[in-house]
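1. everything below, folded, please.
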Amino acid sequence: MTMEVRYIVFTPEETRSAVTAFVQKQGQIVTTNDVVAMEVVGPNEAPTAVVRLQPSLATEPIKLGAQYIVAALLLYCIDRRIPIPKQAEKKVELSVNGLTLMLTSDRSQGSPALASNQVTYGDLANRATHRLGTIQDELARAIARADYAESLVAQADERARRAEVARSRSTSQLVAVALVPGIRGWIGRRLVKFKRAALNDCV
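-> The predicted structure is shown next:
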């Protein structure tokens, strides 16, 4: 059987960026500044990423096993459009130059699925991506609700302003009619008295 083996080597800076972004997407930190230090410890064939946070956030470091590191590196590749084989067994090893992601394409087990131009890598990466998408959707809905509430307040203020203008105009017209002699003046005076009485009852 034909076998293709591909190696992607990540520098310490790239590894830190990938792991930090992964931890942030999982909601364990808010910003990258929350991370004080990050190191990868052996054994070489099963490395562990140790993420140390600000003392105010946590006293114990976050530890990510090999499968979490693989998920972090794959998401890093997706964000930077680094091509990944559709069918590959994924394994990470600690090497001299940094972390090495080894992709072997002679097995279908664990192969990524391609859907809607997005590559997903197992339940772990799916959960991280889904959680991030849910947070973004909730934020968008909250912003939409706030905008709608502001529009309702603006409409209410405009209606109140128009009502006040109409009330002032109506009062001035009634007063003007009340000053006219004869039957029109008598009707105007009666209307003014009626309106004042109605306003007093409301108060």
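
2. for stretch 16-32, measure first residue to last.
-> 10 Å (CA to CA, to the nearest Å).

3. and stretch 70-88, by the same measure?
-> Termini of stretch 70-88 sit 12 Å apart (CA to CA).

4. need the pLDDT of the closest residue to C77 other than its chain neighbours.
-> Spatial nearest neighbour of C77, chain neighbours left out: I84 (5.6 Å); criterion: CB to CB, 6 or more residues apart in numbering. The C-beta positions use only the backbone N, C-alpha and C, and glycine is treated the same way. pLDDT, I84: 87.

5. so what's P43 up against?
-> Counting by CB atoms under 8 Å, 6 or more residues apart in numbering, P43 makes contact with L94.

6. likewise the one 5 residues further on?
-> Shown here is T48, whose contacts under the criterion CB under 8 Å, 6+ apart are 40-41, 63-66, 69.

7. please name the bridge partners of it.
-> Counting by DSSP bridges, T48 forms beta bridges with V41.

8. and it, how far from Q54?
-> Distance from T48 to Q54, counting by CB to CB, to the nearest Å: 21 Å.

9. neighbours around the nearest residue to L64 once chain neighbours are set aside, how many?
-> Of all residues not flanking L64 in the chain, A49 sits nearest, at 4.2 Å (CB to CB, 6+ apart). Residues lying near A49 (other CB atoms under 10 Å) number 26.

10. I69 too?
-> The number of residues near I69, taken as other CB under 10 Å, comes to 24.

11. pretty sure it sits against L99.
-> Yes - taking contacts as CB atoms under 8 Å, I69 lies within contact range of L99: 7.0 Å.

12. between the two, what contacts are shared?
-> Counting by CB under 8 Å, 6+ apart, the residues touching both I69 and L99 are 40, 47, 92.

13. what's the closest of those residues to R6?
-> Closest approach to R6 among these (CB to CB): V92, at 13.0 Å.

14. which other helices and strands does the helix or strand harbouring that closest one contact?
-> Assigned by DSSP states H and E, V92 belongs to strand 89-95. Counting contacts by 3 or more CB pairs under 8 Å, 6 or more residues apart in numbering; DSSP states H and E, strand 89-95 packs against helix 66-79, strand 98-104.

15. need the helices for this structure, in chain order.
-> Per DSSP state H, the chain carries helices over the ranges 12-25, 66-79, 122-178, 183-202.

16. next, the buried residues of the second one.
-> Right, the one you point to is helix 66-79. Within helix 66-79, the residues that qualify as buried are 66, 68-78, counting by 16 or more other CB atoms under 10 Å.

17. how about low-confidence regions in this structure?
-> Within the chain, the stretches with pLDDT under 70 are 1, 107-149, 151, 170-186, 188-189, 191-192, 194-203.

18. now do 50
-> Scanning the chain for pLDDT under 50 picks out 108-124.

19. P61: neighbouring residues, count only.
-> 16.

20. what of I29?
-> Neighbours of I29 (other CB under 10 Å): 20.
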